[in-house]
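*Asks:* How does the following fold in three dimensions:
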Amino acid sequence: MKVPEIEYEVPEWFRDAKFGIFIHYGVYSVPAYGDEWYGHWMYIPEEKSYGGDTIYDYHLKTYGGPDKVGYKDFIPDFLKGISTWQKNNGAEQWAQLFEDAGAKYVVPVGIHHDSYALYDSDVQTTYNSVNGAGVDYIGELKKALKERDIKLGISNHFVENDWFFDETKAKGGDLTDPEYAELYGTGGSKTKEHIEKWYAISMEIINKYQPDLIYYDFDLQNKELNMYENANRYLMLQNYYELSKSWEGCEGVVCNYKHEAFTPDIAVLDKEREALGAINPIAWQTDTSVGAKSWGYITNEEYRSGEEFITALIDIVSKNGNLLLNIGPKADGTIPEEAESVLRTIGKWLDTYGDAIYATRPWEVYGEGKTENSGDTYQYTGSDIRFTKSKDGKKLYISALGTPENNKISVKTLGKNNWDATNVDKICLINGKGRIELDWIQSDSALEINLPKEIEGACAVEVSFKDGKIPELIKSASEIIQAGDSKEFNLAFTGEEGYLLAEVSGEKKGSVSAYIGDNDRPYTISVKKTKNNKTQVACVPVWAEKGTQKVSFDISAGVKIERFKFCKEISTASQIEAEDFDMQSGSVRSEECAEGGKNLGYVGEGDWVCYGAVDFGNGKSKITARLAGSGQKCNVRLDSPDGKIIATLGGEDTGGWSEYKTFDYEIKKTEGIHSIFITYDTSWSDLNINWFSFE
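*Replies:* Residues are numbered from 1 along each chain as shown. You can find the predicted model right below:
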């Protein structure tokens with residue numbers, strides 16, 4: 001089925017919130033062993049849970065095996081537990097703890113893979129907490145959270161129910177009993193009936209509880225979720241967004257997804273027990289758990305420290321993400337002391353340093369330091385630094401992810417060689433709503449900030465500026481710079497950059513003029529009007545002295561500069577390495593070459609690479625290229641990605657993508673200085689280029 005067009009913008013409340021709490025509470029909280037997939041693993045001999053335990057053996061030893069006690073038999077004890085939670089004002093107690101922890105949104109699991117609903121369901125009519133115990137768990141949490149201005153999310157994992165019990169049915173006694181089909185499922189993977197039930201559950205959660213956020217697990221990406229006109233993931237998403245517009249007090253909604261279920265322009269990507277390694281241009285989320293083994297409560301859990309999640313939060317926020325941290329309450333609704341301790345530790349830190357986290361945005365770079373993390377462990381040092389900036393762009397925040405050595409934060413990114421500190425007004429230690437002004441000095445290599453002696457663990461400072469503007473980092477003039485909304489840049493020139501290479505677009509005819517340093521002479525690029533603001537690439541000669549120079553742009557209305565760099569002239573006196581391009585578009589990039597060095601590869605349709613200013617001298621009439629592939633082709637063009645074709649390379653099978661041969665191609669005599677574009681017009685290509693030369 002055709003994917004519909006959906007307009008979406010991540011709401012400000014989510015971008016400002018940064019920290020949320022995930023709650024896994026359900027029938028699996030009763031056996032409380034291994035992990036929250038107890039109902040799956042208990043029927044499968046010899047297989048270990050994700051936490052590393054053999055749950056089947058445990059169930060056999062503790063309960064006599066699944067033929068004696070099935071998963072359904074844990075439900076009565078869970079209903080007693082959730083009733084106790086209600087009698088003890090569990091929703092109020094939890095909401096107060098979450099507020100103390102500094103959480104701005106809370107996402108309880110409304111229905112897990114086991115298909116037991118913790119809300120008033122008209123679809124799961126037998127297996128829901130209202131029918132079983134008269135407890136609307138989701139409804140009570142919503143009320144308690146709303147009183148504290150905490151947003152409500154609801155997690156829906158029902159789509160995985162079709163295989164959660166089904167693939168164990170040959171082993172389990174009660175799984176095939178039709179009396180329990182509503183709980184265990186009716187068999188078959190992603191049937192139309194199952195997808196329609198998932199859709200009905202999704203829409204009743206949305207309509208009844210009007211959640212600010214909905215969370216889906218990994219099966220949402222499966223093709224079956226987009227096969228049926230009346231029940232599919234895109235229809236759910238459209239309806240959710242449209243319905244939310246009429247909800248009283250709604251400030252926008254979020255749908256979390258994993259893998260490729262949606263695209264980041266229409267929903268918010270979630271990375272489970274994983275973080276991103278760089279700034280993501282669009283808001284995203286990491287979800288992880290206080291327990292290393294399970295998401296639900298287990299008696300044999302391995303709890304992690306609050307300090308670890310403080311550093312996780314700092315790191316994730318610096319990369320434009322949110323942290324959704326999970327806890328697993330016991331069957332009676334009691335939150336384990338270890339989990340509560342983690343939340344209170346985070347809350348205490350946020351009370352002190354929260355201004356560096358809440359309502360911030362990523363800066364130019366996320367940070368510095370030797371410790372890299374893209375998994376689910378967060379062990380940093382005081383020399384690991386992260387940056388954020390205030391939402392209005394007036395203040396820069398610097399966070400150290402451990403106790404700084406010698407009570408001093410040393411920030412190499414902000415040394416004189418990289419950043420101009422003359423505009424700094426104050427640097428202060430954040431102290432809740434107060435500030436403690438600090439001494440600092442900037443050397444060529446670092447910005448040194450002196451801290452009070454009592455500081456231990458992660459901390460954050462605030463940098464304010466005389467004119468309310470954060471100075472940009474001094475970038476190399478020869479690196480590709482994404483222009484964004486900026487029109488002024490401080491760039492370091494070597495004195496060898498003689499050309500400005502820029503990718504521009506125009507909804508109407510206009511120009512982009514560049515000014516370098518104190519020179520009032522404009523270097524102007526003419527921009528054509530093109531359909532759909534298609535980008536154009538232009539290269540113009542410029543002159544710039546060695547050293548740091550201010551580069552500013554005068555851009556006419558209806559024109560935009562996307563990215564640019566200053567490049568050196570490329571001589572044709574020797575061969576040109578294909579990987580030494582100045583700019584590229586698409587998936588094409590350099591890779592390790594079978595002949596040593598690098599080659600050009602990873603090609604897709606519409607890709608191109610550009611060599612900014614190639615000097616053909618008095619004229620060249622032949623191009624020689626070192627190629628490998630199975631017969632694909634590419635074009636060599638002059639001055640633009642759709643410019644004049646002077647040669648077509650490839651077309652012969654060399655014996656494979658790593659078997660290189662040298663080919664000669666005649667071209668019409670070409671003189672002077674031109675930009676050279678290698679373009680790819682086929683949907684795929686294994687044509688690799690090692691080098692080329694002109695004669």
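*Asks:* which one is Phe677 nearest to, not counting chain neighbours?
*Replies:* Among residues not flanking Phe677 along the chain, Arg637 sits closest, at 4.4 Å (Cβ to Cβ, 6 or more residues apart in numbering). Every residue, glycine included, has its C-beta placed from N, CA and C.
*Asks:* Could you check how far the one you found is from Leu500?
*Replies:* Distance, Arg637 to Leu500, using Cβ to Cβ, to the nearest Å: 20 Å.
*Asks:* can you check Tyr38 too?
*Replies:* Separation of Tyr38 from Leu500 (Cβ to Cβ): 63 Å.
*Asks:* neighbours of the closest residue to Arg589 other than its chain neighbours, just the number please.
*Replies:* Nearest residue to Arg589 in three dimensions, chain neighbours excluded: Tyr602, at 5.2 Å (Cβ to Cβ, 6+ apart). The burial count assigned to Tyr602 is 14, neighbours taken as other Cβ atoms under 10 Å.
*Asks:* ditto for Trp247
*Replies:* For Trp247, using other Cβ under 10 Å, the count is 13.
*Asks:* you'd agree it is in a helix?
*Replies:* No. According to DSSP: H, G, I helix; E, B strand; the rest coil, Trp247 belongs to no helix; its state is coil.
*Asks:* quick one, what contacts it?
*Replies:* Shown in contact with Trp247 (Cβ atoms under 8 Å, 6 or more residues apart in numbering): Gln210.
*Asks:* if we go to 10 Å?
*Replies:* Neighbour list for Trp247: 206, 210-212, 253 [criterion: Cβ atoms under 10 Å, 6 or more residues apart in numbering].
*Asks:* Just those: which are in strands?
*Replies:* Among these, none falls in strands (DSSP state E).
*Asks:* just those now: which is nearest Thr299?
*Replies:* Comparing the contacts of Trp247 against Thr299 with Cβ to Cβ places Pro211 closest, at 31.2 Å.
*Asks:* Tell me which helix or strand in this protein has the weakest average pLDDT.
*Replies:* In the chain, the helix or strand scored least confidently by mean pLDDT, DSSP states H and E is strand 684-685, which has a mean of 67.
*Asks:* Centre of the chain to the very next helix or strand once past that strand, how far?
*Replies:* Using DSSP states H and E, the next helix or strand after strand 684-685 towards the C-terminus is strand 688-694. Distance, stretch centre to chain centre, for strand 688-694: 36 Å (Cα atoms, centre = their mean, to the nearest Å).
*Asks:* Quick check: which helices or strands does strand 688-694 pack against?
*Replies:* The helices and strands touching strand 688-694, judged by 3 or more Cβ pairs under 10 Å, 6 or more residues apart in numbering; DSSP states H and E, are strand 576-577, strand 598-601, strand 608-615, strand 620-630, strand 633-638, strand 644-650, strand 653-670, strand 673-679.
*Asks:* Looking at Arg637 and Leu500, which one has more neighbours?
*Replies:* Between Arg637 and Leu500, counting by other Cβ under 10 Å, Leu500 is the more crowded of the two (25 against 21).
*Asks:* was I right about the more buried one contacting Pro522?
*Replies:* No. Counting by Cβ atoms under 10 Å, Pro522 is not a contact partner of Leu500; they are 11.1 Å apart.
*Asks:* Need the residues touching each of those two.
*Replies:* In contact with both Leu500 and Pro522: 512, 514, 516, using Cβ under 10 Å, 6+ apart.
*Asks:* from the residues you listed, which is closest to Lys412?
*Replies:* So of the shared contacts of Leu500 and Pro522, ranked by how close each gets to Lys412 (Cβ to Cβ), first place is Ile516, at 27.4 Å.
*Asks:* Quickly list what that closest one is bridged to.
*Replies:* Ile516 has these beta-bridge partners by DSSP bridges: Val551.
*Asks:* show me what contacts it?
*Replies:* By Cβ under 10 Å, 6+ apart, the contact list for Ile516 reads 477, 491, 493, 497, 500, 522-523, 542-545, 549-552, 566.
*Asks:* what about 8 Å?
*Replies:* By Cβ under 8 Å, 6+ apart, the neighbours of Ile516 are 523, 542-544, 549-551.
*Asks:* I'd like these written out as a markdown table, with neighbour count added.
*Replies:* Putting the contacts of Ile516 into a markdown table (neighbours: other Cβ atoms under 10 Å) gives the following:
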| residue | neighbour count |
| --- | --- |
| Tyr523 | 20 |
| Val542 | 19 |
| Trp543 | 13 |
| Ala544 | 22 |
| Gln549 | 20 |
| Lys550 | 12 |
| Val551 | 23 |
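*Asks:* Closest to Gly185 out of the residues you listed?
*Replies:* Looking across the contacts of Ile516 and measuring by Cβ to Cβ, the closest to Gly185 is Val551, at 62.3 Å.
*Asks:* Quick check: that closest one touching Glu488?
*Replies:* Yes. Between Val551 and Glu488 there is a contact under Cβ atoms under 8 Å: 7.2 Å.
*Asks:* Quick one: distance of stretch 666-680 to the chain centre.
*Replies:* Distance of stretch 666-680 from the chain centroid (Cα atoms, centre = their mean) equals 39 Å.
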